[in-house]
Each structure stands twice: as C-alpha cells, then as structure tokens.
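Visitor: following is a predicted model, sequence given first.
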Amino acid sequence: MDATLPASALARRSKEGPTPLFGAYGIVKRFGSFTANDGVDLEIRAGEIHALLGENGAGKSTLMKILYGLLEPTEGVVTHKGDIVQLPNPEAARRLGIGMVFQHFSLCENLTVAENIALVMPKDLSGRALADRIARLGIDYGLHLDPDRPVWSLSAGERQRIEIVRCLLQDPSLVILDEPTSVLTPGEAEVLFTVLERLREEGRALLYISHRLDEVRRLCVRATILRGGKVVGACNPREETARSLAAMMVGSAVREVTPREGGAVGRERLRLDRLSLPAPDLHATALHDVSLSVAGGEILGIAGIAGNGQAELFAALSGESRAPEPDSVRLDGKPVGALGINARRRLGAGFVPEERNGHAAAPLMSLSENALLSRYPTASLTRFGLIRLGAARDLAKRVIEAFDVRKAGPDPAAGTLSGGNLQKFVVGREIQAEPGVLVINQPTWGVDAAAAAHIRQAVIDLAARGTAILVISQDLDELFEIAGSIAVLHDGTLSPAVPAGETSREAIGLLMGGSSDHAPPVADVAHPREPMPSPAHAH
Amino acid sequence: MRLDLVPRTRRSPVLDILSSALAFVAAVLIGGIAVAALGVSPTAAFVTYFVTPLSEVWSLQEIALKAAPLALIATGLAFCYRANLWNIGAEGQFVVGGLAGGWVGVATQGAEGFTLWILPAMLIVGTLAGIAFAMIPAILKVRLGVSEILTSLMLVYVAQLLLDYMVRGPLRDPAGYNFPQSVGFDAAARLPYLMDGETLHAGVLVAFVAVVLATVVLARTLFGFEVRVVGASPRAARFAGFSDARLTLAVFAISGGAAGLAGISEVAGKIGQLQPEISPGYGFTAIIVAFLGRLSPPGILIAALVIALTTIGGEGAQIDLRLPLDLTRAFQGLLLGLVLGADVFARYHVTLVPGGPSSRTVP
Amino acid sequence: MTLDIVQMVLVTVLAAATPLILAGIGELVAERAGVLNLGVEGMMIFGAAASFAVAMQTDSTFLGAVGGAVAGLLLAALFGILTVGLAANQVASGLSLTILGLGLSGLVGAGYVGIKRDPAPHLAIPGLSDLPGIGQLLFGQDAFVYTAVALVAAVSWFLWRTRSGLTLRAIGDDHVATHALGLKVRKVRFLSVLFGGACAGLGGAYLSLAYTPFWSPGMTAGRGWIALALVVFASWRPLRVAAGALLFGGATVLQLHAQAAGLGLPGQLLSALPYLATILALVLLSLGRRGGGSLAPAALGRVFTPSR
C-alpha cells in the first residue's frame, strides 16, 4: 500500500477545503482477474448522511468492507481526519469509530440479543452493566430490545435494531448502513430515518448505501455514484430526478417494461383453499388459512417482508412441502396438495425459488445439468433411466439464446454466471416449458437493472399467453409494475388480494407491518369463493 | 501470515490428478523419514513396499485379491459419500455379509446332487445381509434423524462380536477340536479360480464389473445425477423432486450390499470357511480408498490397487526388514490426510498472504 | 458394610467413566466451536500408547500423562490444519485421523506390549480417605479423575461465564456472521480442536496409566466413538457429558459383573452392550426430541472459508 496520498487526491482535498472525517483515495480492489473497485475516491464529513449509490455489482459492498477492515485494498489509502490509517480488521475500524449495520445481519441466531451485542464490546462490559446500557440506549433512541430474547425469535426489524444498538454502543463517529431498508416495512423505515437524522444532528457521519432513490433523495444532500467499480459521478440527490439518478447508476436510459394491455382473464388455474402448514422447524414460519386464486392471464403479487412465510408458501405451492389436505392446493381444479413437485410440474406448473445458487440451480453443475434439474419430468430428457445428454444440452442452449444469458465457455458451471444471468437462466428454463401456472419467489432479487427488466417483461409476456402467474416479492415497485392484483403475507397469514390500480404503497405497507385493523381499501376480488360459509375464516 | 482460499469456478481434472500424485509423493517421503527413524534404509524399504510386489506373479495376484474387496466396498461407499451420507460401518456390513453367506456354505456342506445353486445363493444371501445390516443406520437416520456416522460405526463392533459368537457356538465345526472355526466349504460353495494352480478367483471379476457398472450409473443415469445433486446442493435436489429419505435408503443399500458381497466373496473365495476374523479391516481401508479415488469409480480402482500394493509390500517389509505392520496403517492414514489436504489446491486458488491483516496494527 | 459395597461400585463406575468424560469434554469444546472431529478414537489410542511409552522412559506417571496429552494435541493439530486451515471435509479428515492414530499407536507401543506399570497413585489423605462410605470415592481417586471433574467445571464456566467462551459459541453458531464482525473464526476453531485433542490424549493416557496400567493394541475399544456419541447425547452441555459418561461407565461395570457372574448369556452379547446402549441412547434422544429441532451448534461440521 502506498504511504503517500495519490496526487489526484491531494489536489482534490486542497480544493474542497476542510479535511473530511474519513477519506478513501484511489481505492483499487482486485479479486484475481476481477476488479471490484477501480480507483475509487470518497470523502465523508461529520454531520452528513452521504449516499453511496450503485447497481448490484457496482462495487459498493467491496468499498464498504474495505472501510470496515474486512478487506484490504489492493491499492489506495483510507484517511481519518487527514491522516492515513491502516484498517487491518474490523476491531481496528471500530477503534477508529467506524460502526457498521449489515444488510445480511451478522447475528448469531441461537444467541441472545445481549450476547450478540457483547461479542464486539470491550471485555469489561457484560452482564448487568451491558443490559443497562442497552436499555438506556433503547429509551434514548426509541430502539427497544429485550436483552434476553434469542435472536431467532425476532423479526427482521428487531434484528436490525440489534445491529444499530450494537453499533451505537460503541459511540461511532461514522456509521455505515448497507441497504438498511431492504427488510423493513415502510413504517419501520420511517422510524429508522428518524434515528438516522438524529445521528446526523449529533454530528456523526453516515454512509448510506442504497439503490432506493426516493430514500436517498429524502436523507442525503451528497451522493457518490459507483458503476462497474468506478466513481461515475457525485451529486446532490435532491437536485436530481429519480430518473436521472437511475440513468447515472445504470449508465444508459433504463429500459422500461411494457405493461400488458387490458387482456382477458381466463379461468382459474391456481387456487389455495385455507391452506395451513405447521412451521417445519424452530426458525420457520407457520402458514395460517392461506387462500388465493389466480386465473389464466393474471399476475398476482404477494408482498411482504422477508421471513413472513414466503419460503414456506413457495414450498407449499411447489410441493416441496406437502399440504395436510390435498384439496387445499388446486392446479386447474385438480387437488394436488398431496403431490410432489414433479407431479405438479407434469400438470403444467413451473417454479422459480428465491435462492438461485443452491436451490433453483446447483452451482457446481453445468448449465445443461441444471436444465435437467427441473425439466427432466417434462422435457423427456431421460430414456430408461439414462440421461439424454444431447437433449439436455439442446434445452440449455435454447434457454440461453432466448434469454440472452451471458456466460463463459460452452457449458459452464451455473455458479460461474453473474447473478442476473443465472436468474435469467432459471426463469427462462421454466418459461421455456410454457407452464400453465408459474410461481416465482423474488424474481429479480439482487439482479442488475437490465436483467430485471428482461425478466419482468418475460413474465408479463407469459401472462399474456394465458399463464396464471404468482409473484412473491419484497420489492413493492416491482409488484406495482407487473402485478394485476396484490395480497400481503404477514406472519404466515395472507391478506385478501386487491387490484394494484385501486390500492397504494401506503396501504400495502401497513399490511406488511401487520396492521390488520386497517381494512383493505377494496373488496377482495381474487379471493376464492367459499364452497360453504365458515365463520372462522377471516375476511 | 494468512491463508486465502478463493473457490475455483471449475474443477480441473488435471489438478485433481496432480494433487493426488503430490499427496502420494509427500506421504512416501514422510514414510521414508519414519522408516529411517526406525533404523532401516529408506531405499530398501521403498523397493520392498513398491517394487518387489510388482515383480512376482504370486504377489501380483495377491494385490488383485486384496484390491478386489477394497474396490468393491469403496465403490459402494462412493455413492454414500457423494450424497453426503456417512456410512462408516462397511466393515460390519462386510462381516455380516460373510457370516450370512458363509452360513449357507456351512449348511450345505456335504450336499449331493445338484449343487450349482449353492454359490449364487451364498452371494445373494451375503449381499442381502449386508443391505439389511446397512438398513439399520439408514432407517434410524431417515425416521429419527439419528447420526448415521455413530450408529453405523457402533454396529461394526456388534457385527464382529456376532461373528465371534457364531463361530465359537452354533457354527463351530464339531470335528474341529474346539477350534473357533466352521467346517470348510465344499468346492460348490467356493468361488472358482480363474487359472489352474493359481490363487486368483472370480471375486476379482465381480469387483471389476461393479466398478464399471458404477461408473455408468453415476455419470449417465438419472439416479447417478440424483446422487450427485443431493451431495452438491441438497435444496436443489429437493427442487428437482428427489427424496432425501429414498436416496438415503438407496445409497445405504448400495454400499451395504457391496460390502456384504465383498464379505461373502472373501469367505467363499480366499478363506473357504468361517473364522473369528474374516477381514483385515477392509471396511475401514475402503474408506481411504474411496477418498483416495476421489469418489469416482475408476479412481477408486486405481486407489484400491495402490493401497493393496502398500499392504502386500508392508507384509513383505515385516518379514524382510522387520518393519511393523502398523507402519502401513499409519502410512495409509497419513496418505488420506494428505490427499484431503492437497484437495484444497484443486478446489481453491490458494494464496499465502505474508503478514496479513491479523499481524498488523493501527498506527 | 453395604455402604462400602455401594462405594466400591461407584468407584469402579467413576473409573470407567473418566476416559469418556475427558475425551467427551474436549470434543464438546471443539464441536461448540463448530468443528466435528471424528478422530477422537485415533487421538485417544495414540495418547494411550505415547503416554505409556513416555512413562516407561521417564519413570514418571505425570510426564506420561503430559506425553499423552501432547500426542493427542499433535494429531489434533494435523486435523486442524486440514479442516480449519485448508477447508478439508471434516468427516473424512476425522476418519483419516483415526486410522493414522491407530497405526501410530501400534508403532509407538510396539516395544511395550506385555509390560505392566504400577497404576497412577491414588490420593491418600489420612483420616479423610478412610472415611466409611465416601472416603475412597471423594478423597481416594487418582489425579486423572480429579482432572476430569475439574475440566467439566472449568469448561462449563468458560463457555457460559467468559467473553472468550461466548465468542467460541458464537463462532460455532454462525461463522459467516462472526467473521463479518472481525472475530477470529479460524484461530478460535484451531485452538478448540487442539484442546479437544489434548483432552482425548489425556483420556487415552488414563487408560494405559491408571485404568489398566499396561499397553495393548486397540485398548481404547471404541471409547473414542462412544465419547462422540456422548456429546450428541448430552446436547453439547458439559454437565450432561459427565452424567452420560457415568451412565455408560455404569453399563460397562454392570457388563463386567454380569460376565463374571456367568448369567448364561453369551459373553459376546454382554461385550456388545456398550455399543448397543450407545445406539439405544441416540434413538431415545431422537424420540424425545421429535419436532423440537436439533440443539447442535448450527455451524457444526460446515466448512468455513473466509469470503471476500
């Protein structure tokens, strides 16, 4: 690492006046042949919320990990009040007053709240004294926590509170927040914003990493935009439009998704009738009386915060979990609750799970083997138990061409593809079968904008061809973009579906937070007609 | 100092072979040092271990005879280990297979007339017994979630004690002067020799066929695909509609059956009667063989031959150089450890970062 | 008189339980940190052979015990390099360790087969050790037994009362999260593995220096595996490891007495009892825990490579 500041950084510093609290100059980080950060400069001042914007894969996480001492830069320096500092590990970063709120929480599920916080506290602070500090901070900032609860029993919002409290207990001068609202309801996000604004007023610096432009515009006056590992711009987000910011992030005008014109809705193809499933294990969510109905040509969106039963609902729909009553899941009128995933595929259903690597695809296996993975029951890829390798390769090739999957080599391992390309492959693999019913969980999670637009368009087009589509997503923007009607999953219970055009983000947000006293603004149109009246069934 | 491991995106077969070879060379070097420490010339030991056994017809046959059960058991185990299921009780399944099949041999001793059915019956009974014995840990795993590692291992001791009881009790040769052994089998209950006047018997062919069959099954069939997916990505396997429980039972049946077949082949081949010890630890050595062969049947065949070579060589070294047999066992354990360690170079880009973060401090 | 018979039985039960406690408590620490070391049997038998050899050479039981612990620790270091450093498969590495340990023990012990030593001395406090009914049990044991008891208490205290213990448990629960916090996952795991090895070696040393004061090949007879089962059975809690070990010690003593009494049961059946009992214990545990989820450390057996 260089011992002196690069000339460009020095020039910039002298120009911009006061010494920033933290600076990063000429940061380069290479992983083998891949350059994640390529000469990044960043200055953060006390008393500001500085936005770091960029698409997935732009290098935000890498830069943040360098600032928190989790990664060493290949080149470049980090400064604190003008002095070059070494950040060999997170402990050193914490000693300099850098705190971090992780996106994927760095919490141990089976330890208590207090134990998780104690892990990074000085050795002499523990037990009663620590619990007192947690309680005091909770009162101060409105971040209440029960120190003795095990983490697995807490909601995503509560878990984030632990992260924030853990960070604040170290009295940080810089707080790094990585996509902090991605797991929060709009209401919870409001609470978070209040805390963040308060921290700014206390004179702390905040580095706010996000791709949600409205939040950034609300909180920040300075933003640095990363694309492909390089700084491509700095701006005041309040002087930009969401569109211009997005264009800077993506590098070209964002491709718009063409919504479907009216379109006739066909007969009911997928139906859940008061499906209840116990939680498969301690850390999972039980489903209670979930009912829904999707007709051919219709896209039903399921909104909700992660961990409210999305994975369990998906498993019940796909047949990875069997329903106790066969009637509670119907495909084209046939009861399929007792059938496995392949039987449901043979009846014309297709499924795209949330996790690409390890669920939708086996990362160490080739694309043709991954084509085999979900399509062998429906695409005649086997004969007498023998795999038809040629047919599997052909199928993979067709998907790759139709969905513009970029890859290295003729038939590479799935794990070598970028997130967006692998997602296009697994979605394309199912759409290629022209399913009558398609269930997708988080269709564009962690996918770059171009790939996300491609996938959304393909889903809309599939619906236009008469397929019933169920999209589970945490991304409200996405749901409002593609879904005809939206229902909300909260704590394993599904609200009645309402037409997307007749509801609002706020109304959906309230339901996501579990406020059931707010009646849905519109009567449930997509709710299945009950075969017989049942007083127990909540409407 | 800090070791950085970055996963390789694709495994290269060249690196796989290279890292195994590297591990073997390292093990031989360490073994040489140990031999020197015991006061024996390492070169003399090398010749005795690795050259002499290859230079004589009888010892070549011995190598094949030792490699056959190892390859057969290890091939079965490869199905288990590929699927991330840990049957480490093949020794017990081997013993039970030999015992049950041998029982048929004892019961039919002296039978007259049509006796062609006896040998096939022994092989089938031995295989089925191995399967049945492997079903105990498999069912406990599937139904109750009991660790198959511990149960399958515990059952090895049970199997050995069962065999001991049987040959000292119900199956003892009444005319055997109270020696703990059964009657010798009739010729109809013995595996035929492949060549007149030599020791090589048909068990070697059985093992070879099993290896070829397993190669095809793993690479080309849907079942083989299932085994590979379950091991590599269990959730993806469930997404593909493969059932954990069914696969667990299947691979335990395969590995137990292979071990049982190896057991009865040994009893009906080399030994020709039941006795308290019918295995010099084949079931455990086969675990080394399976990993040494990287869980691929052709690799296992080669590994079995190498391990058999060191075993025969070790016997020679005991006689000629007074080197203890335990040296061979330690060598085999070390070799497995080194192969597993060397594997890291095939799976990851390894870089040693000098003076990594942990050794630096904030100024 | 009957009190003395009860005490005699309890003393023999405790003696049979001691090697299991020692090996089990060490493995518990390693598993709490997230590392499954199946090489306990190998470390234990190598410890038994090495300790006997050292004790014969130095004529010191203490140095012998130290030698046993060091022997176990060395094997564990090899395992740690493989699994913690090089991210090798823990199950396979553990098995290789068992095979290696068995081989090495044969090499080291080769010159000592058939030689007997005086067993490790027992504590003798005039007055106290002769107290009827409890004197021998409380004040007349050898140092291994007291060490085992002390280790159980110390490990309990360490895991639940110290920050380092908390760190260790956290790493066993989630190595990705703890690594992100900057905790030294690989260092803690490596040290835990070493501790486990030293304990297993000490357990082996107890066998050849105190329990049956001679060396014979294969003398651990699966005790390392039973210790592994005990850790599962004990739901990864130190006190329960001790309780489970006493239970198994009791079963062993019972089996020996039954064999001596000649109940007409085949000796092989009685010899198989500890193994069958282990399986039964695991089955009962699973039955009792159905639907309740596993209490195992969440990261147990999973390979960790620090991500970028």
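Guide: Great, that's in hand.
Visitor: who touches residue B:126 in this structure?
Guide: B:97, B:98, B:100, B:101, B:102, B:260, B:261, B:263, B:264, B:265, B:267, B:268 (C-beta atoms under 8 Å, 6 or more residues apart in numbering or on different chains). (Glycine included, C-beta is placed from N, CA and C.)
Visitor: and the third one, helix, strand or coil?
Guide: The reference is to residue B:100. helix (DSSP: H, G, I helix; E, B strand; the rest coil).
Visitor: what about it, distance to residue B:128?
Guide: As judged by C-beta to C-beta, to the nearest Å, residue B:100 and residue B:128 stand 7 Å apart.
Visitor: looking at those two now, which is surrounded by more residues?
Guide: residue B:100 (24 against 18; other C-beta atoms under 10 Å in any protein chain shown).
Visitor: now do the contacts for residue B:31.
Guide: Contacts of residue B:31 by C-beta under 8 Å, 6+ apart are B:45, B:327, B:331, B:334.
Visitor: filter the residues you listed down to the ones in helices?
Guide: Cross-referencing the contacts of residue B:31 against helices under DSSP state H gives B:45, B:327, B:331, B:334.
Visitor: tell me, what residue is most central in chain B?
Guide: For chain B, residue B:286 is the residue whose C-alpha lies nearest the centre (C-alpha atoms, centre = their mean; 1.7 Å).
Visitor: what about the chain, any weak spots by pLDDT?
Guide: If you meant another chain, say so; for now it's chain A. A:1-17, A:252-264, A:282, A:515-539 (pLDDT under 70).
Visitor: think we crossed wires, I meant chain C
Guide: Using pLDDT under 70, chain C drops low at C:1, C:262-263, C:289-294, C:307-308.
Visitor: so which bits of it are right by chain A?
Guide: C:163, C:166-167, C:169-170, C:173-174, C:176-178, C:180-183, C:292-293, C:297-298, C:308 (C-beta under 8 Å from any C-beta of the partner chain).
Visitor: phi, psi of residue C:116?
Guide: Main-chain torsions, residue C:116, degrees, to the nearest 10: phi -110, psi 150.
Visitor: wait, it sits on residue C:216?
Guide: No: the pair residue C:116 / residue C:216 is not scored as a contact, 10.7 Å apart, by C-beta atoms under 8 Å.
Visitor: isn't residue A:200 right up against residue A:45?
Guide: No: here residue A:200 does not reach residue A:45: they are 10.6 Å apart, not a contact under C-beta under 8 Å.
Visitor: quick one on the thing from earlier: can you tell me which of the residues of chain C next to chain A end up in helices?
Guide: Using DSSP H, these in helices are C:163, C:166, C:167, C:169, C:170, C:173, C:176, C:177, C:178, C:180.
Visitor: which residues touch the second one?
Guide: With contact taken as C-beta under 8 Å, 6+ apart, residue C:166 is in contact with A:111, A:115, A:118, A:119.
Visitor: if we go to 6 Å?
Guide: residue A:115 (C-beta atoms under 6 Å, 6 or more residues apart in numbering or on different chains).
Visitor: ok, now how distant is it from chain B?
Guide: Between residue C:166 and chain B the computed distance is 20 Å (C-beta to the nearest C-beta, to the nearest Å).
Visitor: cool, and residue A:83?
Guide: From residue A:83 to chain B the distance is 8 Å (C-beta to the nearest C-beta).
Visitor: for that residue, list each beta-bridge partner.
Guide: Beta-bridge partners recorded for residue A:83 (DSSP bridges): residue A:80.
Visitor: wait, which of the contacts of residue B:126 is closest to residue C:72?
Guide: residue B:263 (33.2 Å; C-beta to C-beta).
Visitor: ok, that closest one touching residue B:94?
Guide: Yes: taking contacts as C-beta atoms under 6 Å, residue B:263 lies within contact range of residue B:94: 3.9 Å.
Visitor: what's the nearest residue to the closest residue to chain A within the stretch 51-200 of chain B if we skip its chain neighbours?
Guide: Going by C-beta to the nearest C-beta, chain A is nearest to residue B:145 of the stretch 51-200 of chain B, at 11.5 Å. Nearest residue to residue B:145 in three dimensions, chain neighbours excluded: residue C:286, at 5.4 Å (C-beta to C-beta, 6 or more residues apart in numbering or on different chains).
Visitor: cheers, nothing more for now.
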